[in-house]
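**Student:** heads up, no residue letters with this:
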């Protein structure tokens, strides 16, 4: 399994016009399906006068969590071409929504597939594609007197410190690249009476 994945840095927009129909596309970085539900709901409200609000999303470094939605267009003519563009660029943690305003002329299934594909491509062409690492979150609990030992390990392995509370009992939340997590845990386990959760 890869410990890196490609996604987009910020939301972008695109457009495709065909025989009076307008296809407005929006590529948005997302991290879970709850976020997708909220965004899609928001878009349906915002574009309440549009004929269709179709979308596709992909999550995870394994590219196994995805969905395509045709929103009333003939089956496979909207969501699948959107997802196809996401896949052809090997992107994940992304949602693409294409809003269609009907122009009065039917495009046929081939025309629809092309329109949704081109609209998606236009939004993705505007996007800055970035590579991210798959990180693991580790929580450590230790006595204040062990602070120097813990900080030495942190300096060696260089995880990102998400949060920390220092008292008699200290708690730290760390984020580290999956492939480096074992090394970090191994080094921390050598410090006596430290509790680790991941």
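**Tutor:** Everything's here; your move. Treat the numbers as computed from the prediction; the structure is a model and nothing was measured. Numbers count the residues shown, from 1 in each chain.
**Student:** for the residue nearest to residue 165 when sequence neighbours are not counted, give the beta-bridge partners.
**Tutor:** Distances taken as C-beta to C-beta, 6 or more residues apart in numbering put residue 171 closest to residue 165, at 5.0 Å, once the chain neighbours are dropped. Heads up, the C-betas are built off the backbone N, CA and C, glycines and all. Going by DSSP bridges, residue 171 is paired in beta bridges with residue 141, residue 165.
**Student:** same check on residue 15?
**Tutor:** With beta bridges defined as DSSP bridges, residue 15 has these partners: residue 24.
**Student:** coming back round to it: the residue nearest to residue 165 and residue 161 touch, don't they?
**Tutor:** No: taking contacts as C-beta atoms under 8 Å, residue 171 lies outside contact range of residue 161: 11.3 Å.
**Student:** let me see the ranges of the strands in the chain.
**Tutor:** Along the chain, the stretches classed as strands by DSSP state E are 4-8, 12-18, 21-29, 52-59, 65-69, 94-101, 129-133, 135-143, 160-165, 169-177, 195-197.
**Student:** quick check: buried residues in stretch 144-160?
**Tutor:** Applying a neighbour-count criterion of 16 or more other C-beta atoms under 10 Å, the buried positions in stretch 144-160 are 146, 149-150, 153-154, 157, 159.
**Student:** now the spatially most central residue of the chain: how far from residue 162?
**Tutor:** Closest to where the C-alpha atoms of the chain average out (C-alpha atoms, centre = their mean) is residue 93, at 1.7 Å. Applying C-beta to C-beta, to the nearest Å, one obtains 19 Å for the distance of residue 93 from residue 162.
**Student:** residues in contact with the longest helix anywhere in the chain: which ones?
**Tutor:** What stands out as the longest helix in the chain, according to DSSP state H, is helix 108-126. With C-beta atoms under 8 Å, 6 or more residues apart in numbering as the test, helix 108-126 has contacts from 8, 12-16, 18-19, 21, 23-27, 54, 73-74, 76-78, 80-82, 84-86, 89, 91, 96, 98, 100, 107.
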